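**Student:** Quick one: sequence plus predicted model below, questions after.
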Amino acid sequence: MSLTDLPILGMLRNKMQWHQARQGLLAENVANADMPHFRPRDLAEINRGSGPSGLAAPQASVVGGDGLARTNAGHIGLASADGPNADPKRFKGFEVRPSGNGVNLEEEMMKAGENQSDYQMVASLYQKSLDALKIAVGKR
């Protein structure tokens, strides 16, 4: 087992990949700010409870009004703006221009800045964790 296979490093890598994907969507929103009928998109973070072992515990959430239970984050839900991965606060409150475009540049730039600072924090934690492991095995 290599040092980079530790669960904490895997979680930090996943978080960095999530922030990279979100930055791509936010950049796409800004790039399409003048396209008619374009609606902004964003990734919703799936918050899961943490069990005693530190691993995420599965949670059931109701999808739609038909009573279908989503017991795992990997399950496919209904595709809609209020689906299982949609963040309702991200889809409400933006203005739609007469052309049908719903991109608010100020809001998108605020999200991009917040996302960048969160990514930098996670990357720093990853680097500090690697440094601590190197010290522990005497490589530094």
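**Tutor:** Received it, and whenever you're ready, just let me know what you need.

**Student:** elements contacting the top helix by length along the chain?
**Tutor:** As assigned by DSSP state H, the longest helix anywhere in the chain is helix 105-137. Helix 105-137 sits against helix 7-31, with contacts defined as 3 or more C-beta pairs under 8 Å, 6 or more residues apart in numbering; DSSP states H and E. Backbone N, C-alpha and C define where each C-beta goes, glycine included.

**Student:** how big is the angle separating the helix it packs on from helix 105-137?
**Tutor:** 160 degrees (axes from the mean of the first three to the mean of the last three C-alpha atoms, to 10 degrees).

**Student:** same for helix 7-31, what does it pack against?
**Tutor:** Against helix 7-31 (3+ C-beta pairs under 8 Å, 6+ apart) you get helix 105-137.

**Student:** tell me the mean pLDDT for the longest helix of the chain?
**Tutor:** Per-region confidence: helix 105-137 scores 94 on mean pLDDT.

**Student:** Buried residues in that helix, which are they?
**Tutor:** Neighbour counts over helix 105-137 (16 or more other C-beta atoms under 10 Å) mark 107-108, 111-112, 115, 118-119, 122, 125-126, 129, 133 as buried.

**Student:** quick one: pLDDT of residue 16?
**Tutor:** 95.

**Student:** ok, how many other residues are close to it?
**Tutor:** 17 (other C-beta atoms under 10 Å).

**Student:** before we move on, what about the one 3 residues further on?
**Tutor:** A total of 21 residues lie near residue 19 under the criterion other C-beta under 10 Å.
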